[in-house]
Structures are given as structure tokens and as C-alpha cells.
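Undergrad: This is the structure alone, sequence omitted:
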Ligand code: 6GU
């Protein structure tokens, strides 16, 4: 999978060199390129923002540098390319969304700062043949810009790309994959600070263990995330 990121803070993305995703890049499973939006400005101050039409607080990112950056990045892009616009005004990011994005041949993340990007940039990108634009939010809180959000989405999607996670079974047995939270996990020693591992896990009875784990998932989901259950009265 190819991933392009456009940002005014390319150095934010140095964390993509480490851990699982860093290894996936070395193995060429992920091909990540970070582009500096300011390289697409032409004035001495490399200006990327201006005051909002209609007034109001904050600054808006100017369309011209974004237009040039996206001409360069999206030119000749394969069909099925998804341009992800991280935004607190987007639809919520979920595991389902991550699974869908993992099928795209190419993802382009446009990281806005300030009060966001001139809307025409997003509307124009959506008219490009073969490109689908998705405005996506990490959750109901505000970050200073799209960079940290893009990083979270890249990690969630990247680990679903075949080969990135060594044991594919660990992908199906985790929180949200079956719509429930994960069951609690334990490892050795069986007694630690007088706390015992639940006896059922030491029984060797795999049917009973599966059923206990499922009960734990339901109990935990009911307790902390009742909104995930189908008959949630809320
Ligand atoms: Cl995707 N971007 C920003 N700037 N803030 C957010 C967000 C995204 N998701 C939640 N808050």
C-alpha cells in the first residue's frame, strides 16, 4: 500500500520509522511519503494560511498551496485512491472504516492546521477521477491539527495490510473486531502479588475458556461501552 501525507509538520511523522510500521516500511509492505505543504508556496514567507471570509476566530489554510500539492500527489494516482481529510467535523473513525481503507491501493492524508482547509480544496479533490474523499474524525474532542489523527489512522489501517502483523489471528481476536471489547488477558506467573489468574484459564478446557472469554467480553462491553450493544436503550 502506498500512503502520502501532506502537512506543514513533516517531522511529526518520524515515528513511522519505528516499531511495527517502521518494519513494514523496510519490508516494502508500506510505502510512505511525507510532503511539506510549504514546498508548494511561492512567496518569501511560505504562507499557508489567511483570515476567514465572513470573519471569526483563527486562520484558514489557503487553497493555492493545497491545490498545487494535490496536483502533484494525486496526479496519475490509481483508481480507488482515498483522500482522507482528518477533521473533527468528519464522520467517526471506526475499525470498519480502517478495514475499508486497508483495501485502497493508495491513501492520501491531508493534514490541516488552524481552523481547517478552505472547503474548495476538498470539494475540488472529490471531482478528480478515481479519487474518493473522506472527511474523518478520531472522536468528539479537538486536536490542534490533523497530524496526530492521521498517525492514529495510519497505524490502525497499516496493521491490517496483509503481512504487517506477523500472526493474522491476533487481528481477529481483538477489541472491536466482533463489535465487542476484548476479554482480559493474563500471563505467567499464575500468582502475582497474591492475585491469581482466573482458574478456568489453567483448566485446559478450551470450550469452557472460549465461553468464559465471551462472557467477559459481554460483561465488559455492558459495563464500559453499553452503546456498542444492539439493545442499548440509550
Ligand atoms: Cl481527525 N482532527 C482534528 N484536528 N481534531 C480532531 C480530529 C481530527 N478528531 C478528533 N479531533
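TA: Everything's here; your move. Here the structure is a predicted model, which is why all the values come from computation and not from measurement.
Undergrad: What parts of the protein come near the ligand?
TA: 86-88, 137-139, 141-143, 145-146, 149 (Cβ under 6 Å from any ligand atom). C-beta here means a position set from N, CA and C on the backbone, and glycine is covered the same way.
Undergrad: Now the two most distant members of these.
TA: 139 and 145 (15.2 Å; Cβ to Cβ).
Undergrad: between the two, who's got more neighbours?
TA: Neighbours per residue (other Cβ atoms under 10 Å) separate residue 139 from residue 145, with residue 145 holding more: 18 against 11.
Undergrad: For the more buried one, which non-adjacent residue is closest in space?
TA: residue 113 (4.0 Å; Cβ to Cβ, 6 or more residues apart in numbering).
Undergrad: in this protein, what spans have low per-residue confidence?
TA: Residue ranges of the chain with pLDDT under 70: 232-234.
Undergrad: Please repeat the previous calculation with a cut-off of 50.
TA: Across the chain, nothing is flagged by pLDDT under 50.
Undergrad: Going by neighbour count, which residues of the biggest strand by length in it are buried?
TA: Taking DSSP state E as the criterion, the chain has its longest strand at strand 81-92. Within strand 81-92, the residues that count as buried by 16 or more other Cβ atoms under 10 Å are 81-87, 90.
Undergrad: Between all of those, which two are at the greatest distance?
TA: Longest span within the buried residues of strand 81-92, Cβ to Cβ: 81 and 87, 18.5 Å.
Undergrad: and which of the buried residues of strand 81-92 is nearest the ligand?
TA: If you rank the buried residues of strand 81-92 by distance to the ligand using Cβ to the nearest ligand atom, residue 86 comes first, at 3.3 Å.
Undergrad: contacting residues around the closest one?
TA: Residue 86 makes contacts with 109-112, 136-138, 146, 149-150, 153, as judged by Cβ atoms under 8 Å, 6 or more residues apart in numbering.
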